[in-house]
Each structure stands twice: as C-alpha cells, then as structure tokens.
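S.K.: the sequence isn't on hand, but the structure is:
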C-alpha cells in the first residue's frame, strides 16, 4: 500500500510507492531504456491481455472489451501509485501528516499506432482523446474522496515517458496539489481585487497585444506565456470561463482537438521531436453551488505544454526560478510563421 | 539585458536571458554533450585567463590573482543570467509584472582537480568551500537590491551541469523565489501556532525517532526527509537555529564540512556516481532587527540534496506531486550502514 506524505516545510504532498521487488543494489542502475520488441508492447492492438481490464474504450459497438479494434483505450496503470480501495485515513506522525495511498492511476492509450507522433494526430483524433479525458474525469469526480484529478502526457524519455507507445495518464488524489493550490490562491486574490477572472482578462490582453499569440480559434487561444519557464512553452486557455475541464461541451472538445493538432504541428515544425510534458490544470476541491459566482470565478482551467529543449537543473528545483534563453515573443513569432509539420 | 518576469497564475519569477547568438534552427539540437579537451577546461589551473577576473580565491598569500596555485576560486559566470549593473525597475506590462535582470551570477570552482568527485573531498575541503560560500553571501547581501542569495551545485548532466569540472553556483536576485517564500509562509504559520521553530522541532523529533536519521555530529543532522521527493533525498539541518546560512561560525563550517563529506561518501557508496542537485535554502528578504524574535524564528536555513536515480516527468512538474519508489526509512537504513566510499 502506498502512502501520501506531506512535507512540513513546503506543504508539498509526495506519493511514497515502494516497489517491493526492488533491491538495494538495483537503485544505482539506469531505468531500462530498451524499447520492448514490437509484439511485446502492452499498448499495441492484439496485446490487450497484457494490460488490466479496460475501463473505457472507443471501439466499434459490436467488438468485445479487451480485444483489438479500438481507437482509444483506458486501462488501470499496472503499477499504480495510488489505489481505489480504502479510506484516506489522514493522520499525524508526530508533527508530520500522512494518508493512505488512496486514489486512481489510469493510462489513456491514445492510438493503436505504436509509432504515431503527437503532431501527426488529426484534430478529430485529439478531439476524441479529449472526450475520453472528460468522461474519465467526470466518473472519477463522482468519488467524493478524490478532490483533484490531473491529466498529463509525458512524451520522450527525458520528459519521464517509460513506454514509447503514445499514451497519457490520469491521476486522481484525495489531496489538492501544491501547484493547483497556489494557482487557486493567486486567482482568488485577483478576483478579490478586481471582481474578475485572471485568465479571462489575460486571454483578452494577450490576443490584443498579439506578440505572444501563437494561434486561436473561436474557443481556445494558444499563447507563449509572458513568463515562460522553458523555450517554446505553450499555454492553452479556453475562452469560455470554467473552473473545470470536464465542463467542455461536445463542440468545444472538437475545437480543443483543433487547437492541440495545430499547436503540436507548429511545435514539431519548430523543434522536431522534442520531449515534452502536457498537463491539464483544472480546479480541485469540493464543488460549489452553481449559483455561487465567487466559486465559479475561483479558477480557470488551462493546459500547459513544456518542451524540454534544455533540461532542468538544481537552480530550478531548489528555488522555483527558471532561466529561459528564448523570449516568449521570439518563440511566438517563430511558431506563428512555422510551416506546420506534415500530417499523415 | 535579461529580464525577470512574474507568472501571474503561479506567482513564480522566471529569468528570461536570451542568448543573442542563438538562431531558430539551433533550438532543436541537443546541448553539446562533448567534454572539452582537458587543456581547454576553463576551470582547470593554468587556464585562469579563460574566465572573467576572479572575485575571491583561496590561494597562497604570495600568489597573484588569476594564476594557478589556488584551492578554491570564485569567478563571475561568463554567461550570466543576471548582471550587477542597474536598478531593478519593477514595473507593470499590462496586468503582468517585470524587472530588469539585476543580480549576480557567480561560479565557485571547488577544486583544481578536474576529475575529483564530491565524495572524494575531505571534510577540510568541504569546510573551505563552505567558508567561500559564506564570504560571497555576506558580500552580496551588502547590496540592498538583492534580497535573496541561492547557492546550488549541479552534478552530472542529468542534473543540469554543463561543465564537468567540479563547481557550484551562486545566484543573487532582487526577488524572493517561490520556493523560499512558500517555505517561509509554512514556517511562519508554525511559529504563529506553536511559538517555536518548525525545523528545530523536526530535528529533535527525527533524532528521537531514529528511523530516518542518516548521520549527525554536534552541529548538524542528516535526514532522509519524511516526505522525500526522490529516492535517497537528503536534508541537512543545522542544530543551532538561524535563518541565514552566512551566520555560520568558523567551527560550524568545519562541522558542516564533516557532514557534507560523510553524506556524500554514504550517498556514493549506495548509488555510485549518480547525478544530483544540492541547494542551500536560506532566508530571503530585508533583515530584521536582531531583537525581533519572531523575525529570528521566521526561517531555519537548511540544505537539500536531490539525487536523480529516476528522472522527473510531467506529473511532477505539472502538479508539484512526486512519486517516490523508495521509502525514506529504507533509504536511511541503507545509508546508515553503507560502507563509506573510499576517499582519495
């Protein structure tokens, strides 16, 4: 059973999930970089028995679960950091805090094609993936123990991916992460002062200024954020205010699919196959009454994409500062005119 | 001129330091991994002319600056992220915040020996390095524009090191980092409730509990922190309360040298040559009157060492959560009994 432990100095929660098969002398070996043989990829069609039973799949109505023929497939993580069973049981350990490792850890297999790259997905494929995210988040949020659901994608080994078959992950936790908590605090302060939403205002300002604008349609804007941490960082802001990503309408999922397809085509045209992380930031905490406007304004969901042209060092981890050698204005100008990478 | 920009959503400051020689198509190339020819290392003795003029060196009284013979040498970073000249000039850009890139960025060349490893330093060598840190911090803090000084060391490419000759870095900034600000907020809450210092209490509790204790002498304790983010994370806490690392007495620098030597010998015995980051967390902000006890209790400086046995992925960056597969208790037990790696 894994544990959630809270660092008293930073307020940060950490998941301690010991792998019981690990032995001390294995700690100093590199994680296995070898690509499994093609037939051995647990995410490839035909190998459905290599994963736990599927939770959800986009597949022909007639086809059976855990068989080939799907387009998107969601399965529990085989090595979950958190498990659905049991109560959180938050308690003190002397002056420290801990909880049981209650939560969910799922894998979204985005495509049956092992070697398909993110910039090769059509807008339709991305839209389908987004609808799968939405469905899983809605389901997980029915569990009152889970106050926060994070969707993320690691592309490339340097970004933390261990299997190369295209997939993203969903983690639901009984605590709010430090990052979302901080963001909610900042946005609340802004609301308290201006009685307006910070990201609604930022979207208007940035579209107007134009020099950090990468792309937009009628529902989403892609920006190079003013304080980009890394070269070519991207921020996708929905133009309709909502705290929660799972509030997306069907039409909006199509338009977000279009944004993701356009964003990745430009990113890959500029940088080639660079490792990146994509994270959906969505409100956490107990839902508020829909008539409570201040709660409605408490957060504005968004997507961050962090390409790792350069790595992160001790300064970044130790201080939260980042040193970025490419200005967001330069990155945005380059991405605006980037010839989109060819699409399959 | 670089800029400091504040991300409005997170409150995080980012240094935008464009390298003017960079051209778009160079963005997608890997940073140069090649080790410079031995004679070409700018930090090796005899190559002192390859660096800017030294700021400080531990060297024989008779020897001239910028010549060989030194034991520790401090020089300005040749590619500084921040520069000493000018005023911070904090100002608004629409709803955003920015400042000029005012600050200092120095390199501490820890030893003349190009291939010496951190676990091979004697306690005396580490003590000498710590005294150099102390001296530079004291000097930089005389500049009232600079409210925060961070000392850090990146070991290995995965940890962000670009030159392999052993060195650490000092960055002084006109703003407080998000990490130290958060830690100060947490510690202030603890003081408000208990009228005691959080880390003073934690040190006593952890020495008493013993299961996360790695090593201690009469001035410093090395712990595997309760909520370790990565396997074998280390936390060094000074037993005498002080907000600021530069308050170290000479005797304490010797004892900290002993702690660093012991800590790295055990870490390298356990993990081999693993990339790591070391960061000194020290109080930031305008100094308080010595008689103001609450200000004195506002922070407790400490050192974090993060070995990178496993990398960090999108989940960690996007949420602030970390998944750690080795319990701190297991790591501490292993490090307590680790045969110390041989010392040159």
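M.R.: The structure has been received and is ready for your questions. Predicted model, so just to flag it, every value in this text is computed and none were measured.

S.K.: measure how buried the residue of the stretch 51-200 of chain A found nearest chain B is and give me the count.
M.R.: Nearest residue of the stretch 51-200 of chain A to chain B, counting by Cβ to the nearest Cβ: residue A:160, 1.9 Å away. All C-beta spots, glycine's among them, are computed from the backbone N, C-alpha and C. Counted with other Cβ atoms under 10 Å in any protein chain shown, the neighbours of residue A:160 add up to 22.

S.K.: kindly report the same for the one 4 residues further on.
M.R.: Taking other Cβ under 10 Å as the criterion, the count of residues near residue A:164 is 15.

S.K.: follow-up on the earlier one: the residue of the stretch 51-200 of chain A closest to chain B against residue A:277, yeah?
M.R.: Yes. Using Cβ atoms under 8 Å, residue A:160 is in contact with residue A:277, at 7.0 Å.

S.K.: report how many residues lie close to the nearest residue to residue A:146 once chain neighbours are set aside.
M.R.: Nearest non-adjacent residue to residue A:146, counting by Cβ to Cβ, 6 or more residues apart in numbering or on different chains: residue A:172, 4.2 Å away. By other Cβ under 10 Å, 24 other residues sit near residue A:172.

S.K.: parallel or antiparallel, which strands does the helix or strand harbouring residue A:172 pair with?
M.R.: Taking DSSP states H and E as the definition, residue A:172 sits inside strand A:167-173. In the sheet, strand A:167-173 lines up against strand A:104-109 (antiparallel), strand A:148-155 (antiparallel) (DSSP bridges).

S.K.: quick check: which of the ones you listed is buried the most?
M.R.: Of those, the one with the most neighbours on average (mean count of other Cβ atoms under 10 Å in any protein chain shown) is strand A:148-155, at a mean of 25.

S.K.: how far off centre is that one?
M.R.: 3 Å (Cα atoms, centre = their mean, to the nearest Å).

S.K.: do the same with stretch A:94-111
M.R.: With Cα atoms, centre = their mean, you get 15 Å for stretch A:94-111.

S.K.: check stretch A:302-311 too.
M.R.: 11 Å.

S.K.: list the contacts of that stretch.
M.R.: Stretch A:302-311 is contacted from outside by A:156, A:158-159, A:199, A:229-238, A:263, A:267, A:271, A:274-281, A:325-326, B:9, B:27-28, B:31, B:157-158, B:160, B:314, B:317-318, using Cβ atoms under 8 Å, 6 or more residues apart in numbering or on different chains.

S.K.: so where's the stretch 1-150 of chain A shaky on pLDDT?
M.R.: A:19-39 (pLDDT under 70).

S.K.: can you map out the strands along it?
M.R.: Counting by DSSP state E, counting those that start in this stretch, the stretch 1-150 of chain A has strands at residues A:3-6, A:13-16, A:56-58, A:72-76, A:91-93, A:96-100, A:104-109, A:148-155.

S.K.: flag every residue of the stretch 101-250 of chain A that's near chain B.
M.R.: Within the stretch 101-250 of chain A, the residues that sit near chain B (Cβ under 8 Å from any Cβ of the partner chain) are A:150, A:152-154, A:157-161, A:169, A:171, A:173, A:177-180, A:182-183, A:186-187, A:190, A:198-199, A:201-202, A:205, A:209, A:225-229, A:231-232.

S.K.: what about residue A:140, distance to residue A:147?
M.R.: Note on residue A:140: its distance to residue A:147, by Cβ to Cβ, to the nearest Å, is 11 Å.

S.K.: quick one: contacts for the nearest residue to residue A:168 once chain neighbours are set aside?
M.R.: Closest residue in space to residue A:168, ignoring its immediate chain neighbours: residue A:153 at 3.9 Å, by Cβ to Cβ, 6+ apart. Listed by Cβ under 8 Å, 6+ apart, the contact set of residue A:153 reads A:118, A:167, A:168, A:169, A:277, A:278, A:279, B:314.

S.K.: just the buried ones from these, in ChimeraX syntax?
M.R.: The following ChimeraX line selects those of the contacts of residue A:153 that are buried, judged by 16 or more other Cβ atoms under 10 Å in any protein chain shown:
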select /A:118,167,168,169,277,278,279 /B:314
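
S.K.: show me where the stretch 201-344 of chain A has strands.
M.R.: Assigned by DSSP E, counting those that start in this stretch, the stretch 201-344 of chain A shows strands spanning A:213-216, A:220-223, A:234-238, A:276-281, A:302-307, A:322-324.

S.K.: dump these into a markdown table; add mean pLDDT as well.
M.R.: Formatted as a markdown table, these follow (pLDDT from 0 to 100):
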| stretch | mean pLDDT |
| --- | --- |
| strand A:213-216 | 98 |
| strand A:220-223 | 98 |
| strand A:234-238 | 98 |
| strand A:276-281 | 93 |
| strand A:302-307 | 94 |
| strand A:322-324 | 86 |
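
S.K.: want to throw these into a markdown table with distance to residue A:134?
M.R.: A markdown table is the format used below for the strands of the stretch 201-344 of chain A (distance: least, Cβ to Cβ, whole Å):
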| stretch | distance to residue A:134 |
| --- | --- |
| strand A:213-216 | 21 |
| strand A:220-223 | 15 |
| strand A:234-238 | 13 |
| strand A:276-281 | 10 |
| strand A:302-307 | 13 |
| strand A:322-324 | 31 |
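
S.K.: which of the ones you listed sits closest to residue A:64?
M.R.: strand A:276-281 (30.8 Å; Cβ to Cβ).

S.K.: contact partners of the closest one?
M.R.: Counting by Cβ under 8 Å, 6+ apart, A:133, A:150-156, A:159-160, A:168, A:179-180, A:183, A:245, A:267, A:301-308, B:313-315, B:317-319 sit against strand A:276-281.

S.K.: and if you look at stretch A:75-91?
M.R.: A:1-2, A:4, A:15, A:17, A:19, A:42, A:51-55, A:97-107, A:109, A:143, A:145, A:169, A:171-174, B:323.

S.K.: which of those residues are buried, as a ChimeraX select command?
M.R.: The buried residues among the contacts of stretch A:75-91 can be selected in ChimeraX (16+ other Cβ under 10 Å) with this line:
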select /A:2,4,15,17,42,51,54,55,97,98,99,100,101,102,103,104,105,106,107,109,169,171,172,173,174 /B:323
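
S.K.: name the residues of stretch A:198-211 that are buried.
M.R.: A:198, A:199, A:200, A:201, A:202, A:203, A:206.

S.K.: shouldn't the third one be in contact with residue A:296?
M.R.: No. The pair residue A:200 and residue A:296 does not pass the contact test of Cβ under 8 Å, sitting 11.4 Å apart.

S.K.: joint contacts of these two?
M.R.: residue A:241.

S.K.: list the residues that contact the closest residue to residue A:256 other than its chain neighbours.
M.R.: In this structure, residue A:256 finds its nearest non-sequential neighbour in residue A:130, 5.2 Å apart by Cβ to Cβ, 6+ apart. Counting by Cβ under 8 Å, 6+ apart, residue A:130 makes contact with A:248, A:253, A:256, A:257, A:260.

S.K.: my guess is the first one contacts residue A:134, does it?
M.R.: Yes. Between residue A:248 and residue A:134 there is a contact at 5.6 Å, judged by Cβ under 8 Å.

S.K.: ranges for the helices of the stretch 51-200 of chain A?
M.R.: For the stretch 51-200 of chain A, the helices defined by DSSP state H, counting those that start in this stretch cover A:123-141, A:178-194, A:198-209.

S.K.: out of the ones you listed, nearest to residue B:213?
M.R.: Among the helices of the stretch 51-200 of chain A, the nearest to residue B:213 by Cβ to Cβ is helix A:178-194 (26.3 Å).

S.K.: so what touches the closest one?
M.R.: A:10-13, A:148, A:176, A:196-199, A:201, A:281-285, A:294, A:297-300, B:8-11, B:178, B:182, B:318-321.

S.K.: wait, what's in contact with the residue lying closest to residue A:17 once chain neighbours are set aside?
M.R.: Spatial nearest neighbour of residue A:17, excluding adjacent residues (Cβ to Cβ, 6+ apart): residue A:2 at 3.8 Å. When contacts are counted by Cβ under 8 Å, 6+ apart, residue A:2 touches A:15, A:16, A:17, A:18, A:81, A:82, A:83, A:101.

S.K.: thank you kindly, that will do.
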